[in-house]
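>>> quick check, what structure comes out for this input:
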Amino acid sequence: MSGSVFELLDLIARWVHVIAGIMWIGNSMLFNWLDRSLVTNPNTDRANAPVGTIWLLHSGGFYYVEKTLLHGQALPHPLHWFKWQAYTTWISGVALLFIVYYASDRAVLADPSVAQLDRPIAVGVGVGSIVLGWALYESMQRVVAPRAPVLAATVWIGGLIAIAIGLTQLLSGRAAFLHVGAMLGTIMAGNVAMTIVPSQRQLVASVGQGRGVDESISARAKRVSIHNNYFTFPVIALMVSSHFPAVYGHGRNWLLLLVIVASGAGVRHVLNLRFTYPRWKLALAATMVASGVALFAILSTSGSTSQAVAAGARAAAAVANRAVSFDDARRVIDRRCAACHSAHPSDVTFGAAPAGVMFDTPEQIVSRMARIRERAVVTHTMPPANKTRITDEERAILGRWVELGGVVR
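Residues are numbered from 1 along each chain as shown. This next block holds a predicted model:
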């Protein structure tokens, strides 16, 4: 299949994924906010009393929302379900994994500088991590949590940490971040398909047959819905992390990944409870989240960003006193970068001129010199997985040229 076909499939799947994801996450945010904001009905002694009610103002009108378990009431028609947003998000996400990582080289899955893995093995690692994370979560929730919820949470969080660290030691940093996000997204979709929707079907059947509602079924669905709500921020952050090579290409990217997940869940926690928590507890939670964000900022802007930093430092020292010209830099760019970054690339794996970056003219090269330094010299995230085999000396030449002002002469 040609690169242009993969690019078109990537575009379509990405559009569907983003739109469906917005709808799914929006529903999660809205319904969890409703549950936190409902006004308890004072007539709770009535068998058919609603759990709570709320008035909303949006667009051009007033809305009245009532939550009820329909005790002794007929099943209403039509009844609107919320499930296809979740299913479409997951299906399109899986399609993107195959289009971008498994069936093509549109993004680097196995990075030789991280681990020497053949492509089939790297694909197995990626798929296996998703399946393992989902299986661990399901087993903890269904088998252990009913009897020992703290133990279940501890094992699951420990498993998440182990999987995240393992992926950063086996796959490229970008792929590792995306696969942790895909694992959490799979757990979320699994919660919808295997717990929430089946529980809702039981509720509908029970009410339709006049048997009333088993509140334990309702509580089971709500519990995993809350889990999904806490996963949303980490998943979003991990999916957009692919645009930040200084993060996924960092020498301690595994720690940054864990900080992203913990801080995202922490922010969601603060937002969920900001109106109901005692102020001192809310302040403590906010402080912990702020500490995580600060740690992320410190780590991502300092320290090692690549396993090759030591070699790069030696190469930089070797050219530190050399007068590097534009012609020297362009020879490196033509040999190591222009195969992809050109209006007419010789390597079309990533499509023509990835991200619109072209190095066909001196003006194009000079306009991108800061980015060239960041990606090729500082983070070592270009070329992807060092596909064109750029050397440490060549990286140092590019860095020295930028240091001297990037002058064309």
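
>>> residues in contact with the most centrally placed residue in the chain?
The chain has residue 238 as the residue nearest its centroid, 2.4 Å off, counting by Cα atoms, centre = their mean. Going by Cβ atoms under 8 Å, 6 or more residues apart in numbering, residue 238 touches 177, 178, 180, 181, 184, 257, 260, 261. C-beta here means a position set from N, CA and C on the backbone, and glycine is covered the same way.

>>> which of those residues sit farthest apart?
178 and 261 (13.3 Å; Cβ to Cβ).

>>> the helix or strand hosting the residue nearest to the centre of the chain: what's the following helix or strand?
Using DSSP states H and E, residue 238 falls within helix 215-240. Once the chain leaves helix 215-240, the next helix or strand it forms, by DSSP H and E, is helix 245-248.

>>> show me what that following helix is packed against.
In terms of contacts (3 or more Cβ pairs under 8 Å, 6 or more residues apart in numbering; DSSP states H and E), helix 245-248 is packed against helix 173-191, helix 253-273.

>>> state the mean pLDDT of the last one.
Looking at helix 253-273 alone, the average pLDDT works out to 85.

>>> packing partners of it?
Secondary-structure packing of helix 253-273 (3+ Cβ pairs under 8 Å, 6+ apart): helix 3-37, helix 149-170, helix 173-191, helix 215-240, helix 245-248, helix 279-300.

>>> what of the first one?
Contact here means 3+ Cβ pairs under 8 Å, 6+ apart; on that basis helix 173-191 packs against helix 84-97, helix 119-139, helix 149-170, helix 215-240, helix 245-248, helix 253-273.

>>> among those helices, show the one with the smallest mean pLDDT.
Here the lowest mean pLDDT among the helices and strands packed on helix 173-191 goes to helix 245-248, at a mean of 81.

>>> give me the residues contacting that one.
By Cβ under 8 Å, 6+ apart, the list of residues contacting helix 245-248 reads 172-174, 176-177, 241-242, 253, 256, 300-301, 305, 374-375, 378-379, 381-382.

>>> got the CA coordinates for that helix in PDB?
Output in PDB follows, covering the C-alpha atoms of helix 245-248 (Å, rounded to 0.1, in the frame of the first residue of the first chain):
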ATOM      1  CA  PRO A 245       9.900  15.500  21.500                       C
ATOM      2  CA  ALA A 246      11.600  17.100  24.500                       C
ATOM      3  CA  VAL A 247       9.200  15.100  26.700                       C
ATOM      4  CA  TYR A 248       9.100  11.700  25.000                       C
END
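
>>> off-centre distance for that helix?
Relative to its chain's centre, helix 245-248 lies at 13 Å (Cα atoms, centre = their mean, to the nearest Å).

>>> look up how far residue 245 lies from residue 255.
According to Cβ to Cβ, to the nearest Å, residue 255 stands 16 Å off from residue 245.

>>> who's more crowded, the two?
residue 245 (20 against 17; other Cβ atoms under 10 Å).

>>> hang on, the earlier thing: could the helices and strands packed on helix 245-248 be laid out in CSV, adding distance to residue 126?
Converted to CSV, the helices and strands packed on helix 245-248 look like this (distance: least, Cβ to Cβ, whole Å):
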stretch, distance to residue 126
helix 173-191, 5
helix 253-273, 15
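
>>> quick one: closest of those helices to residue 32.
Nearest to residue 32, of all the helices and strands packed on helix 245-248, is helix 253-273, at 6.9 Å by Cβ to Cβ.

>>> now the element after the least confident helix or strand in the chain by mean pLDDT, going C-ward?
None of the helices or strands of the chain scores lower by mean pLDDT, DSSP states H and E than helix 309-318, at a mean of 63. Later in the chain than helix 309-318, the nearest helix or strand by DSSP H and E is helix 326-336.

>>> now do that next one: which elements does it pack against?
Checking 3+ Cβ pairs under 8 Å, 6+ apart, helix 326-336 ends up next to helix 362-367, helix 392-403.

>>> what residues of that helix count as buried?
Going by neighbour count (16 or more other Cβ atoms under 10 Å), the buried part of helix 326-336 is 326, 328, 329, 330, 332, 333, 336.

>>> quick one on the thing from earlier: so which of the helices and strands packed on helix 245-248 is the most surrounded?
Most buried of the helices and strands packed on helix 245-248 by mean neighbour count (mean count of other Cβ atoms under 10 Å) is helix 173-191; its value is a mean of 25.

>>> for the helix or strand residue 55 falls within, buried residues please.
Using DSSP H and E, residue 55 maps to strand 52-58. For strand 52-58, a neighbour-count test (16+ other Cβ under 10 Å) marks residue 52 as buried.

>>> contacts for that strand next, please.
By Cβ under 8 Å, 6+ apart, strand 52-58 touches 34, 37, 38, 39, 40, 41, 62, 63, 64, 65, 66, 67.

>>> residues near the fifth one, how many?
Same thing as residue 40. If you count neighbours by other Cβ under 10 Å, residue 40 ends up with 10.

>>> next: the first one.
The number of residues packed near residue 34 is 14, by other Cβ under 10 Å.

>>> please apply the same query to the fourth one.
Residue 39 is surrounded by 10 other residues when neighbours are defined as other Cβ under 10 Å.

>>> mind listing what it touches?
Contacts of residue 39 (Cβ under 8 Å, 6+ apart): 52, 53, 54.

>>> and what of the third one?
When contacts are counted by Cβ under 8 Å, 6+ apart, residue 38 touches 51, 52, 53, 54, 65, 67.

>>> quick one: contacts for the last one?
I take that to be residue 67. 34, 35, 38, 50, 51, 52, 53.

>>> what sits closest to the fifth one if chain neighbours are left out?
Beyond its immediate neighbours in the sequence, the residue positioned closest to residue 51 (Cβ to Cβ, 6 or more residues apart in numbering) is residue 67, lying 4.5 Å away.
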